[in-house]
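[1] Below: sequence and its predicted model.
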Amino acid sequence: MSSSDTLDQLAEVLASRRHGDPDSSYVAGLHQRGLNRILEKVGEESTETLLAARDAEHGGEAERRALISETADLWFHSLVMLSHLDLDHRAVLEELARRSGVSGLDEKAARNTT
Ligand SMILES: N=c1c2ncn([C@@H]3O[C@H](COP(=O)(O)OP(=O)(O)OP(=O)(O)O)[C@@H](O)[C@H]3O)c2ncn1[C@@H]1O[C@H](COP(=O)(O)O)[C@@H](O)[C@H]1O
């Protein structure tokens, strides 16, 4: 399965949980608690990811695996955030595709001249 299939499948599951039972679904519970709770989780996972990245820089395999796990938590909660706001994760993939081949330095220079 390709990486984008994995994201597509996860997004489908998340959509199906949007109005699900919070007693049996973590995702439904997040939606029920609302955007602020989801944003808190995105913030927490961001912090945990950056701390894990610092440990991974000079760490071993365990620290590198921990960073992968924290990044997965961050991506997952970001997908729940998009879903809560009825935004399609494929729009993010399309935005990255649109940027493909455009140097960040060139893009920034073009921004500063307009
Ligand atoms: N990918 C994930 C996923 N990644 C992380 N998590 C959950 O996100 C939470 C991470 O929060 P923390 O590490 O802060 O742990 P915590 O302290 O227990 O969490 P809180 O009580 O603070 O919310 C944990 O409960 C994890 O189980 C996920 N929960 C669900 N999914 C996917 O979403 C699908 C639907 O899940 P349900 O809605 O639970 O059926 C699943 O089949 C999975 O594919």
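    Sure, I can see it.
[2] Count the residues that sit near Val92.
    The local packing of Val92 (other C-beta atoms under 10 Å) involves 14 other residues. For the C-beta atoms, the positions are set from N, CA and C on the backbone; glycine is no exception.
[3] quick one, what contacts it?
    With contact taken as C-beta atoms under 8 Å, 6 or more residues apart in numbering, Val92 is in contact with Leu82.
[4] how much space between Glu45 and Gly104?
    With the distance defined as C-beta to C-beta, to the nearest Å, Glu45 ends up 24 Å from Gly104.
[5] Neighbour count for those two, which is higher?
    A count of neighbours by other C-beta under 10 Å puts Glu45 above the other of Glu45 and Gly104, at 19 against 8.
[6] Find the helix or strand that that one is a member of.
    Of the helices and strands defined by DSSP states H and E, Glu45 is found in helix 35-57.
[7] Then Val13?
    Under the assignment given by DSSP H and E, the secondary-structure element containing Val13 is helix 3-17.
[8] if we can go back for a sec, quick one: mean pLDDT for the helix or strand that comes right after the helix holding Glu45?
    Following helix 35-57 in sequence order, the next helix or strand is helix 61-84 (DSSP H and E). When pLDDT is averaged over helix 61-84, the result is 98.
[9] what packs against helix 61-84?
    Judged by 3 or more C-beta pairs under 8 Å, 6 or more residues apart in numbering; DSSP states H and E, helix 61-84 is in contact with helix 3-17, helix 26-33, helix 35-57, helix 89-99.
[10] Can you name the residues of the chain sitting close to the ligand?
    Residues of the chain that fall close to the ligand, judged by C-beta under 6 Å from any ligand atom: Leu10, Val13, Arg17, Ser25, Tyr26, Val27, Ala28, Glu44, Asp73, Phe76.
[11] Need the max-distance pair from the residues you listed.
    In the residues of the chain next to the ligand, two members sit farther apart than any others by C-beta to C-beta. They are Val13 and Glu44, at 21.7 Å.
[12] Show me which positions of the helix holding Glu45 end up buried.
    Buried residues in helix 35-57, counting neighbours by 16 or more other C-beta atoms under 10 Å, are found at Ile38, Lys41, Val42, Glu45, Glu48, Thr49, Ala52, Ala53, Ala56.
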